[in-house]
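Asker: Give me a 3D structure for the following:
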Amino acid sequence: MFQAMSRRVGVAALVLVSLHAVAFAHVGLHPQGIGDGIAHPLSGLDHVLAMVAVGLWASQLGRPACWLLPLAFPGVMALGAALGFAGWALPWTEIGIAMSVLVLGLAIAFARRPSLAVSLTLIAMFALVHGYAHGTELPASASPLAYGFGFVAATLALHAVGLALGGLCVWAAGRVVMRGAGTAIAVAGIALLAT
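Answerer: Numbering: from 1, shown residues only. Here you go, the predicted structure:
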């Protein structure tokens, strides 16, 4: 059963990677309302992996991190989006996004359990760059509130997916699968840094 589950996770990861010719979500294709805000985080592998990884890592950390991290991320992400929309300069945004995928993947793979303060600080830094990227791509003619509501909702849904998958940790085989998923996420982070 464990080998079959591992194969399925591996195949799903390969399919997900192959669906994205360009890993970055920041292509500016979703500028208008709630639906477009929901679609934007789902349109790039970097965002999907980072958002799911937040949930996976939070589930590894347990309480209170399992609810604080997935709630803090969208809040700080909204702040980053407001800064991006307002035209503030934030250097190395794409590098920061790729680093979020790499670092979160490594934290999951090695089951790192830093203090809650350190965990929240990392999540806040990563959320800021992800939000900033969303905000810079929002045209002045779009509704920032509707679009923002959409991308926050999609982010929360992806965090929930990670938390649900993190439920596998109750079994020893699930912990192995989780660490393997972290390794795959970290490898994707390395690939994102190389592009």
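
Asker: How about the contacts made by W88?
Answerer: Applying C-beta atoms under 8 Å, 6 or more residues apart in numbering to W88 gives the contacts Y132. Where C-beta positions appear, they are placed from N, C-alpha and C, glycine not excepted.

Asker: wait, L156 sits on W67?
Answerer: No - L156 is not in contact with W67 according to C-beta atoms under 8 Å; the separation is 11.5 Å.

Asker: between those two, which one's more packed in?
Answerer: Using other C-beta atoms under 10 Å, the more surrounded residue of L156 and W67 is L156, with 16 against 12.

Asker: Let me know the secondary structure of that one.
Answerer: Of the three states, L156 takes helix under DSSP: H, G, I helix; E, B strand; the rest coil.

Asker: Setting aside sequence neighbours, what's the nearest residue to it?
Answerer: P74 (5.9 Å; C-beta to C-beta, 6 or more residues apart in numbering).

Asker: what's around that neighbour, how many residues?
Answerer: Residues near P74, counting by other C-beta under 10 Å: 23.

Asker: Quickly find the element holding it.
Answerer: Counting by DSSP states H and E, the element that carries P74 is helix 65-85.

Asker: right, and the helix or strand after the helix or strand bottoming out on mean pLDDT in the chain?
Answerer: The helix or strand with the lowest mean pLDDT-type score in the chain, counting by mean pLDDT, DSSP states H and E, is helix 2-18 (a mean of 43). Downstream of helix 2-18, the next assigned helix or strand under DSSP H and E is helix 34-42.
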